[in-house]
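Student: Build me a model from this:
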Amino acid sequence: MHTTLVHVHVLSQHIDDFITATQANHEASVREPGNRRFDVLQSAEDPARFILYEAYATAEDAAAHKQTAHYLKWRDAVANWMAAPRQGVTYRGLFPQEKSA
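Tutor: Alright, predicted model coming up:
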């Protein structure tokens with residue numbers, strides 16, 4: 001499994017805008033064929049900080065996500081709402097293991 005944790009710091013005046021745009025991206029992303037999870041987490045201590053937990057079956061599926069209309073729309077919508085550039089850190093999923101077809 002190919003997993004990316006995207007750390008996002010949003011300008012405080014755009015928190016609600018970010019949540020709305022990210023919800024639309026989440027709802028479309030979970031319908032992608034290779035998607036396994038697309039969780040959106042908001043810090044309990046700092047509501048301007050988020051983590052997007054994105055898990056895809058393969059690196060190719062994750063790359064395909066970045067070509068979708070919903071991702072491109074989200075990326076463009078949130079670009080000016082960032083307090084700092086978002087940072088994606090890629091992980092290799094170990095558990096749970098995917099079952100072979």
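
Student: Phi and psi next, for residue 46.
Tutor: Phi and psi for residue 46, reported as degrees, to the nearest 10, are phi -140, psi 100.

Student: typed the wrong thing, it's residue 2
Tutor: Its backbone dihedrals place residue 2 at phi -110, psi 120, with angles given as degrees, to the nearest 10.

Student: who does it bridge with?
Tutor: Here residue 2 sits in beta bridges with residue 56, residue 92, as judged by DSSP bridges.

Student: And for stretch 23-41, what's in contact with it?
Tutor: 1, 19, 22, 50-58, 60-62, 64-65, 68, 70-71, 73-74, 98 (C-beta atoms under 8 Å, 6 or more residues apart in numbering). Heads up, the C-betas are built off the backbone N, CA and C, glycines and all.

Student: And residue 88, how far from residue 25?
Tutor: When distance is defined by C-beta to C-beta, to the nearest Å, residue 88 is 14 Å away from residue 25.

Student: Compare those two (neighbour count), which wins?
Tutor: Applying other C-beta atoms under 10 Å to residue 88 and residue 25 shows that residue 25 carries more neighbours, namely 22 against 12.
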